[in-house]
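[1] I would like to see how this sequence folds:
(chains A and B)
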Amino acid sequence: MIVRSRIVCSVLVAVLLTALASLLAMLRAPDTRPSELLASLAEMKQIDALWSADVLSLELGLNPNYDSVAAPVGKLADRYRTIESLAAGDPAETGDLSASLAAYRSAMDDKIRIVERIKAQYSIISNSSRLLPIAAADLFAELEGGADRPTSNPPIADLLTRIVIDVASYIVTPGEQLRQVIDNQMAALREAAGRTSPEAAAKADTLLAHMAVILRQKQLGTKLIVDLTAVPTGQAIDRLQRDAQALEADQNRYRSLLRDLMLVCCFMLVLATAWAAYLLRRHYRQLNQDKSALQQANQDVQSQLIQSSKLSAMGQMVAGITHEINTPLAYVKAVFCLIRDQMAEMQVGRTAASGIIAELRPAGADGLPDDQIGELNMLIDEGLHGLEEITNLIITMKNFSRLDKGRLEYIDIEEALDGAALIARSEVKYIADTVKDYGKIPKIHASATQLKQVFLNLINNAAHAMADQPSRGKLTLRTRAESEDSIRIEIEDSGTGIPADVLPRIFDPFFTTKDVGKGTGMGLSICYRIIQTHGGTISAKSQPGVGTTFTIILPHRAKADAEHRLEQAAA
Amino acid sequence: MKHDPDPQHCRVTGQASAPTVGRQLLIAAVPALALAFLGPALVAAQTPEPIAPIPFQLELDQHKVELGEALFHDVRLSKDNENACSSCHDLDNGGDDGLAKSKGLGGKAGKRNTLTIFNSTLNFRMMWDGRFASSEQQVEAAIHDPAVMGTTWPAILDKLAQDQALTQAFAGLYPQGMQPQTITDALVVYERSLITPNARFDKFLRGDKTALGPDELEGYRLFKTYGCASCHQGVNVGGNMFQVFGVLGMPGDYFRSHGPVTDPDFGLYNTTKVEEDKFVFRVPSLRNVALTAPYFNDGSAATLTEAVDAMAKYQLGRQIPPRDNALIVAFLRTLTGEYKGRPLDARVSQ
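    Take a look at the predicted model:
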């Protein structure tokens, strides 16, 4: 779980860092195209507006030549190429601009065409207008020169004057009505001049041709100017500007989204780092715990090892000693029995023949007096008693080393505890109350006699510990299921407790705090050995003045090697 | 307004001398006309001359100019190495070939008169009919035109790539090295350098009153008053507008007077296919016009005198007396400029 969290955390941090880096790269490479587009469009708009003004000022004759009207086309084409290449940068965005660009192109093509025609039209009309007075003067001179028809001239001269004035008027205020009038006058002039002379007719034709050109070009010029003002280049540029502004707005939105994302990323990165720190801390704490647990286990194992090697050495030594002692002990005991038997025979014989003996032997001189015999008998009994004590000790030691009587069966631990408590009842009943706190544990596979021995030993010890207490003590027998395949037995007293410096040594063989002669110091060692061979553990927890708790943990079933060990020990 | 500075008007009023009625009428009529139309033109008369001088030099990358010059003379730009740009644009001969129509390529005859390369980049559009908006387009079209260069870019690049020096020159000047675009660019930059400043007329425009003789000055005055300057104006004395050939009468009358009308005579119509663009041409530049005979897109006018007469008849709708024609031609000769510090006509005389 922790490992998975750590992997997830590292991956998260890596992903966030990558995301942050790419976001930063995207932010640091800003797309300048919308702003460049807008700048180019602004220039374009200005050029276009100035151009329109220049074209209109053509009609006022303010331009010395057409260079200023021709040049904007090239500049506009340059800007258009710039804009087109900027728009071509991103296929997604070109879709937006291409329609507007097409609209602009079409409008601009129209405008260029109209402006070209205005230029041509203006130069034609200006030429013809410039020629008009000259042609009129030529015609007039021709008419004046014909001295043979002086009377016929005034109406023509009059007509000529009127028509020139009317054309001049038409140039300023072109109107359909005036056009009709001029057309009529032109027809009249052509007719009149034709009647006057062929020379006059030729000159009138030139004049009328230029007048026709003026009328035609003026009409065309008016139409062209109207067309020019109707060409929506301004709107087309406005539309492009709107598109570019939309692009810019999109970009700004995109950039602020990037910024927001980056902030979120940063925040998440901080969180992930904190999590990583937490995981690391937990990991270290776990390691420390594991370390101390391992150290503890190591210490336990070491002390157990020392304990069992001690016990093993003891067992071998005891086996040797008991064997060596048993033989002399047996015959010393036999000798003592023999002496006692012979002493008894001697006493019977003397009692039966006391009169004879008393008479045969002087009193106090031969034979022993009765009180001496009695004393001897008493000494022999004492000796036998001592020998009995030695025998018991030897048997105890043999039991320790051999642990025989080990027969494994399914036993009820609680029954075994009850049995032990019953046996010890005489010891306990005046000292303490016995509390049975059984957890209804299942039967386990173990040696009943050996376990009863352990329980009895522990209960007796508890009784001894509580014997000197001023108040009545409390003995608690507790059973619990430790795990699914082991049980726990606790024997708790409220006795004097075991001092801390003594506690580690209580399972050592021959270690005892009791007065000399009151204990062998082998009890807890034997308990330890029995529990160990069952594959269990025994431990003591004590608080001086409060009490001691012995805890035994036993497996449900002694393991095969435990059985083997038990059998081996029994052999 | 009554002190009309235009001498033409003085002559008009001066001629109207005899009958009191007609004279009074004309005195009334002519200023009215002048007011109506020439009023703006009078304002214009106070503004600078309709023609502007060519700048002495342009800011150009001299290395590119040199590279372009080499390419300009390089026959590898054409099919079978037959033509270079300079084959038709002879810089020692007014920048054109002096033929009525270009000689063409591989037996295919050219369709039009060769225009001078000098000052061509000062024109607002390229070719007689103004069909190209830029020199780049013109170069592109010339390369592929079967009657001009008749080749393709891959073929040119194949040939030029074997030229180590040229390849290195391109690599040094252009990041992308030798490409159709960079070859075109070098050629166009060189074309831009082919300007002919400091014509005698330009000296006059810049204030040198002694640059022109009295006849030439009179020719310039007539050039303006006859209306030639209505179209032939600006820095290139033309080259900045379209005009129909045949203002008076029917458009195209000039061509019809010479024989059957051919496709190139339709001018801008060939590109736009718009009826009103028939016989519409780019007004050609008159810079160095004395050196570029014969004239018009079909080379049908052999001399300047013929060309001026044709223009007067078909564009201005009037006859110009031979004396005025000669004066105008005298003025036109002052438009011959200098290239690399030497007058173009001096080169011809060598």
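
[2] Tell me the backbone dihedrals of A:Gly536, please.
    With angles defined as degrees, to the nearest 10, A:Gly536 sits at phi -110, psi -170.

[3] so what pLDDT did it get?
    Looking at A:Gly536, its pLDDT stands at 87.

[4] Same check on A:Thr151?
    So A:Thr151 comes in at 51 (pLDDT).

[5] A:Ile165 too?
    89.

[6] Using the three-state scheme, assign it.
    helix (DSSP: H, G, I helix; E, B strand; the rest coil).

[7] neighbours around it, how many?
    Residues contacting A:Ile165 under the criterion other Cβ atoms under 10 Å in any protein chain shown number 17. Where C-beta positions appear, they are placed from N, C-alpha and C, glycine not excepted.

[8] sec struct for B:Lys209, please.
    Under three-state DSSP, B:Lys209 comes out as coil.

[9] For whichever strand or helix holds A:Gln286, name the packing helices and strands.
    Secondary structure assignment for A:Gln286, by DSSP states H and E: helix A:233-352. Counting contacts by 3 or more Cβ pairs under 8 Å, 6 or more residues apart in numbering or on different chains; DSSP states H and E, helix A:233-352 is packed against helix A:2-28, helix A:33-58, helix A:91-145, helix A:370-402, helix A:523-533.

[10] out of those helices, which comes closest to B:Gly227?
    B:Gly227 lies closest to helix A:91-145 among the helices and strands packed on helix A:233-352, at 3.4 Å (Cβ to Cβ).

[11] all strands of chain B, in order?
    With strands called from DSSP state E, chain B shows them at B:242-244, B:280-282, B:338-339, B:342-343.

[12] chain center to the last one, what's the gap?
    Spelled out, that is strand B:342-343. 19 Å (Cα atoms, centre = their mean, to the nearest Å).

[13] quick one, phi psi at the residue nearest in space to the middle of chain B?
    Residue closest to the average C-alpha location in chain B (Cα atoms, centre = their mean): B:Ser285, at 1.8 Å. Main-chain torsions, B:Ser285, degrees, to the nearest 10: phi -70, psi 140.

[14] hmm, back to that, go through the helices and strands packed on helix A:233-352 and pick out the most buried.
    The highest mean neighbour count among the helices and strands packed on helix A:233-352, using mean count of other Cβ atoms under 10 Å in any protein chain shown, belongs to helix A:523-533: a mean of 23.

[15] Following the chain past that one, name the next helix or strand.
    Next in sequence after helix A:523-533, counting helices and strands by DSSP H and E, comes strand A:537-543.

[16] and that next one, what other elements does it pack with?
    helix A:523-533, strand A:547-555.

[17] give me that answer again for 6 Å
    Secondary-structure packing of strand A:537-543 (3 or more Cβ pairs under 6 Å, 6 or more residues apart in numbering or on different chains; DSSP states H and E): strand A:547-555.

[18] Need the mean per-residue confidence for the strand it packs on.
    Mean pLDDT, strand A:547-555: 90.

[19] do stretch A:22-40 as well
    Averaged across stretch A:22-40, the pLDDT comes to 84.

[20] Tell me the buried residues in the longest strand along chain A?
    Longest among the strand segments of chain A by residue count, using DSSP E, is strand A:473-483. For strand A:473-483, a neighbour-count test (16 or more other Cβ atoms under 10 Å in any protein chain shown) marks A:Gly473, A:Lys474, A:Leu475, A:Thr476, A:Leu477, A:Arg478, A:Thr479, A:Glu482 as buried.

[21] That's all I had, so thanks and see you.
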